[in-house]
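> sequence and predicted model, in that order:
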Amino acid sequence: MTTYVVFVRQDTKDQAEMDMYASLASKARDGHQITPLAFYGELEVLEGPSAEGAVILSFTDKEAAKRWYYSPEYQAAKAHRNLGANYSVLMIDGID
């Protein structure tokens, strides 16, 4: 079953850390089948707290999403994301 990982960035604390995150996160995709569905496009909050940006990534299944998310490469990138901004990250199963 297709699984989606959704990132919602509430606010940026340190742009230099976010730049490092972007560099490392792109390298962490190597060897993983990831389809970006939305990537920091124009965002309009209809309900709830404000957000600066959002990303939706599609994976073939939950195991593939977890292999990527918990990989040493992504965890190294994540450390910079955590220093650079406040995020919510969700994983949700598709309906296929």
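Structure's in. What do you need?

> in stretch 53-62, what counts as buried?
Across stretch 53-62, burial judged by 16 or more other C-beta atoms under 10 Å covers 53-59, 62. Heads up, the C-betas are built off the backbone N, CA and C, glycines and all.

> excluding residues flanking it in the chain, which one is nearest residue 35?
Nearest in space to residue 35, with sequence neighbours left out and distances taken as C-beta to C-beta, 6 or more residues apart in numbering, is residue 58 at 4.2 Å.

> what about that neighbour, distance to residue 37?
Remark: distance between residue 58 and residue 37 (C-beta to C-beta, to the nearest Å) = 5 Å.

> what residues are shared contacts of these two?
Shared contacts of residue 58 and residue 37, defined by C-beta atoms under 8 Å, 6 or more residues apart in numbering, comprise residue 4.

> center of the chain - which residue?
For the chain, the residue nearest the mean C-alpha position is residue 7 (4.3 Å; C-alpha atoms, centre = their mean).

> test my guess that that one contacts residue 43.
No. Using C-beta atoms under 8 Å, residue 7 is not in contact with residue 43, being 11.9 Å away.

> now the common contact residues for these two.
Residues touching both residue 7 and residue 43 (C-beta under 8 Å, 6+ apart) are residue 54.

> so who does the nearest residue to residue 17 once chain neighbours are set aside touch?
Distances taken as C-beta to C-beta, 6+ apart put residue 84 closest to residue 17, at 3.2 Å, once the chain neighbours are dropped. Going by C-beta under 8 Å, 6+ apart, residue 84 touches 12-18, 20-21.

> one more: residue 8?
By C-beta under 8 Å, 6+ apart, residue 8 lies in contact with 51, 53-54, 87-90.

> ok, back up a step: whichever of the contacts of residue 84 end up buried, select them in ChimeraX.
One line in ChimeraX is enough to select the buried ones among the contacts of residue 84; burial here means 16+ other C-beta under 10 Å:
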select :17,18,20,21
